[in-house]
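Undergrad: Need a 3D model of the following:
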Amino acid sequence: MGFFLETVFGGLMAGMLYALVALGFVLIFKASGVFNFAQGAMVLFAALAMARFAEWLPRWLGFDSLLLANLLAFCAAVACMVGVAWLVERLALRHLVNQEPIALLMATLGITYFLDGAGQLIFGSSTYKIDVGMPKDPMIVLENVFEGGLLLSREDLYAAVVAAALVALLSLFFQKTRTGRALRAVADDHQAAQSIGIPLSRIWVIVCRWAASSRSWRGSSGAASWACSSPSRSWRSRPSRS
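TA: Numbers count the residues shown, from 1 in each chain. The predicted structure is shown next:
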């Protein structure tokens, strides 16, 4: 029973991070009708950007603070992904709205291969790791209930908490703000939203920026837990009990 609960908790924490990837899929699809198969490549591109900027910025600016390096690298990765999302929306997705599904599939797959190649060209093809300062040692809980307790990753737990906070923030944005309500109107009916004066092009740009921000956090938090490389990732092994 203990091992079962340990596996469930680990899956739930990992699932919170993958929820951010799902948000990117849903936001773009509901706003434009385009299913973005390049979402995974964009997450990897964000992780590579975060890893490399965290290494480059202290060298360029001449400081040694790990916290400052990660904050600046995260901001740079978000800016980079917003730029990538804007280019993808302007050059590809905008022209594919209401097109045949096979055209969407092939275009977004092409974007995937392009981002894989561009990531290697810009950031290199070696394996990189992000150190965000979170504790690496797992913690053992409920020792009085289960023999040996439950082994949980602190790193995954903290990342899942931040991911849950971002999902809650996005939910409030959709419910309470004017722009959020406009996004919901576009998701329900494009033509009806346009008939009441909601500019679809502006909504698509906002959606791509939101999706890019969620990719940046998913990429940076995932890379903090796993070594990241392009085009494949090296997954860490589950820590063993001592």
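Undergrad: contacts and neighbour counts: CA atoms only from here.
TA: Fine.
Undergrad: what's the longest helix in this structure?
TA: Secondary structure of the chain per DSSP state H: the longest helix is helix 2-32.
Undergrad: helices or strands up against it?
TA: If you count contacts as 3 or more Cα pairs under 8 Å, 6 or more residues apart in numbering; DSSP states H and E, helix 2-32 packs onto helix 39-61, strand 150-152, helix 154-176, helix 178-188, helix 200-225.
Undergrad: and residue 86, which of those is closest to it?
TA: helix 200-225 (6.6 Å; Cα to Cα).
Undergrad: average pLDDT for the closest one?
TA: For helix 200-225, the mean per-residue pLDDT is 63.
Undergrad: quick one, the longest helix of the chain and helix 39-61 angle?
TA: Relative orientation of helix 2-32 versus helix 39-61 (axes from the mean of the first three to the mean of the last three Cα atoms, to 10 degrees): 90 degrees.
Undergrad: model confidence over helix 2-32, on average?
TA: On average, helix 2-32 scores 78.
Undergrad: So what's the residue count around residue 71?
TA: A total of 14 residues lie near residue 71 under the criterion other Cα atoms under 10 Å.
Undergrad: Quick one: distance of the helix or strand hosting it to the chain centre.
TA: Remark: residue 71 resides in helix 66-91, with elements defined by DSSP states H and E. The chain centroid and the centroid of helix 66-91 are separated by 11 Å under Cα atoms, centre = their mean, to the nearest Å.
Undergrad: other SSEs contacting it?
TA: Under the contact criterion of 3+ Cα pairs under 8 Å, 6+ apart, helix 66-91 touches helix 39-61, helix 200-225.
Undergrad: So for that helix, mean pLDDT?
TA: 85.
Undergrad: Could you do stretch 164-173 as well?
TA: 83.
Undergrad: start at 32 instead
TA: Shifting the count to begin at 32 puts that one at stretch 195-204.
Undergrad: Identify all contacting residues around that stretch.
TA: 47, 51, 210-211 (Cα atoms under 8 Å, 6 or more residues apart in numbering).
Undergrad: biggest separation within those residues, which pair?
TA: Farthest apart among these - using Cα to Cα - are 47 and 210, which lie 25.0 Å from each other.
Undergrad: Compare these two and say which is more crowded by neighbours.
TA: residue 47 (21 against 15).
Undergrad: any idea how far residue 110 is from the more buried one?
TA: 23 Å (Cα to Cα, to the nearest Å).
Undergrad: ditto for residue 86
TA: From residue 86 to residue 110 the distance is 17 Å (Cα to Cα).
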